[in-house]
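> With the input below, show me the fold.
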Amino acid sequence: MNDGYDRYVSLLSQSQHFPAARLKALQMRGLNRFLQHARDHVPAYRERLSPLFETGADPDFSRWEEVPVLTRGQVQLESRELRAASVPRQAGAAQTKHTSGSTGTPLIHHRSRLQHAANQAVLDRLYN
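Residues are numbered from 1 along each chain as shown. Okay, the predicted model is just below:
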């Protein structure tokens with residue numbers, strides 16, 4: 001498919017054999033970076049994620065339940081504010097996607113090339 005896809009599949013193949021503690025540490029490091037990026041670069045998440053960052057630079061997951069759930073209606077109303085002002089180079093270019101609007105109103109969302117590769121790798125793994 002592409003280099004990002006191949007790297008992601010390779011990481012999945014390697015990480016499936018990691019001890020649980022190593023896998024959890026890898027997941028937490030990625031989640032921390034993701035949440036910090038969302039807070040810093042996605043206007044709609046600046047306020048939503050604020051409870052997690054009141055005590056420092058790293059998210060405080062004991063306060064996760066204070067983060068408001070994002071509804072479909074909010075996504076439809078706030079699609080511009082849900083787009084990152086900048087995306088890490090390694091994530092690749094952002095793509096704008098649209099749902100078919102089966103509920104009456106299409107949903108506009110954005111995803112990176114890396115997210116697309118990750119989704120495809122998971123589907124390929126599921127069906128192979």
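
> So what's the residue count around residue 66?
As a burial measure, residue 66 scores 13 neighbours (other C-beta atoms under 10 Å). Every residue, glycine included, has its C-beta placed from N, CA and C.

> which non-adjacent residue is nearest it?
residue 51 (3.8 Å; C-beta to C-beta, 6 or more residues apart in numbering).

> Hmm, residue 67 and that neighbour touching each other?
Yes. With contact defined as C-beta atoms under 8 Å, residue 51 and residue 67 form a contacting pair (6.1 Å).

> got the contact list for the residue nearest to residue 66?
For residue 51, the contacting residues are 60, 63, 66, 67, by C-beta atoms under 8 Å, 6 or more residues apart in numbering.

> So what's the residue count around the last one?
When neighbours are defined as other C-beta under 10 Å, residue 67 has 15 of them.

> Just send the contacts of residue 51 back as JSON lines, with distance to residue 17 and secondary structure too.
Below are these laid out as JSON lines (distance: C-beta to C-beta, whole Å; DSSP: H, G, I helix; E, B strand; the rest coil):
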{"residue": "60", "distance to residue 17": "31", "secondary structure": "coil"}
{"residue": "63", "distance to residue 17": "33", "secondary structure": "helix"}
{"residue": "66", "distance to residue 17": "36", "secondary structure": "helix"}
{"residue": "67", "distance to residue 17": "32", "secondary structure": "coil"}
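
> which one of the residues you listed is nearest residue 7?
Lowest distance from residue 7 to those (C-beta to C-beta) belongs to residue 67, with 30.3 Å.

> Surely the closest one is in contact with residue 48?
Yes. With contact taken as C-beta under 8 Å, residue 67 and residue 48 are classed as touching, separated by 6.0 Å.

> Backbone dihedrals for the nearest residue to residue 113 once chain neighbours are set aside, both of them.
Using C-beta to C-beta, 6+ apart and skipping residues adjacent in sequence, the residue nearest residue 113 is residue 92, 2.8 Å away. Residue 92 has phi and psi values of phi 80, psi 170 when expressed as degrees, to the nearest 10.
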